[in-house]
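Enquirer: output the structure for:
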Amino acid sequence: MRFTMLLLGTAAVLATSANATDWSGFSGTLTGGYDYSDVRGTGYDAYNFGGQANYAIPGTKLNVQGLVDYSEVRSQHTPRDTWTSGGALTWRDRNFALGANGDYHAQQVLGTGSNYGTYGVFGEWYAADNLTVRVRGGGISGGYDGFSKDGGYLGAGVNYYILPQLAAKADLSYATLGGLHWTNVEIGPEYMPFAEVPVSLSAAYTYNNTNYYGRRYYSNGLMVRLTWHLGEGNSLVEYDRNGPLDARSVKLPVNALNYDFTAPSH
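Expert: Here you go, the predicted structure:
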């Protein structure tokens with residue numbers, strides 16, 4: 001709650017100067033949020049902070065974008081911290097966009113590190129003024145808790161803009177890495193109350209199904225996000241379509257793995 005009020009206050013103070021800035025070619029987002037999930041009666045709290053930036057190369061339809069993200073998972077079991085950084089090259093048209101991206105993930109668990117990389121392609125189709133369809137797919141390579149594996153992922157999502165400032169969003173993904181397989185589902189609204197203050201609030205129900213070498217873990221949870229949009233736009237749909245594309249960086253199902261590695265029995 002403190003972070004939410006701080007970001008809202010900061011956005012309100014800076015909104016006037018931000019809107020007056022010449023954002024030609026540049027756009028971005030700053031995001032902070034909280035996740036809660038439950039795995040077999042064990043609750044997990046996660047805090048996320050990140051940002052994305054996009055630059056449209058003048059005279060072309062090419063764009064370059066980058067991201068940084070930090071997440072901290074806390075529970076009665078072992079804590080995990082994850083840093084993510086990456087970038088993408090995209091080609092954007094009036095009715096669709098295509099891109100290729102790569103991300104690097106570094107985890108710290110009580111001083112012990114592990115890392116992995118993800119790479120792939122993604123696209124958005126603007127099927128109507130109020131409807132966006134997303135698809136993505138690619139590979140995963142790297143280590144996790146001493147094991148080096150290769151895998152891949154697929155995903156799809158949809159944004160339906162009930163109003164220019166209000167969207168219903170859903171996303172489904174599947175990924176595999178060695179003997180680890182997991183499915184994620186997110187569904188919920190995003191709302192930007194004021195065009196003059198380009199801050200949106202989103203909430204989503206989350207579901208995860210993880211299979212770790214034959215052991216299955218299910219989790220249900222809630223995700224809340226506050227996003228400050230930078231660049232040119234007057235509504236949520238304009239910021240979404242003109243800002244950094246939603247490439248959805250792949251992350252390991254940390255909560256289920258935490259439970260598996262630390263539970264007294266399976």
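Enquirer: residue 239: what secondary structure?
Expert: Three-state call for residue 239 (DSSP: H, G, I helix; E, B strand; the rest coil): helix.
Enquirer: enumerate every residue touching it.
Expert: Counting by Cβ atoms under 8 Å, 6 or more residues apart in numbering, residue 239 touches 27, 192, 198, 200, 229, 231, 233. Glycine gets a C-beta too; all of them are placed from N, C-alpha and C.
Enquirer: would you mind measuring from the fifth one to residue 65?
Expert: Right, residue 229. 14 Å (Cβ to Cβ, to the nearest Å).
Enquirer: who has more neighbours, those two?
Expert: Neighbour totals were compared for residue 229 and residue 65, and residue 229 leads with 26 against 22 (other Cβ atoms under 10 Å).
Enquirer: just to check, that one is in contact with residue 197?
Expert: No: assessed by Cβ atoms under 8 Å, residue 229 is found out of contact with residue 197, at 9.9 Å.
Enquirer: sorry, back to before: quick check, nearest of the contacts of residue 239 to residue 142?
Expert: residue 27 (30.1 Å; Cβ to Cβ).
Enquirer: tell me the contacts of the residue nearest to the closest one when sequence neighbours are not counted?
Expert: Leaving aside its chain neighbours, residue 27 sits nearest to residue 231 (3.0 Å; criterion: Cβ to Cβ, 6 or more residues apart in numbering). When contacts are counted by Cβ under 8 Å, 6+ apart, residue 231 touches 23, 26, 27, 28, 54, 239, 242, 243.
Enquirer: and residue 231, backbone torsions?
Expert: phi 120, psi -160 (degrees, to the nearest 10).
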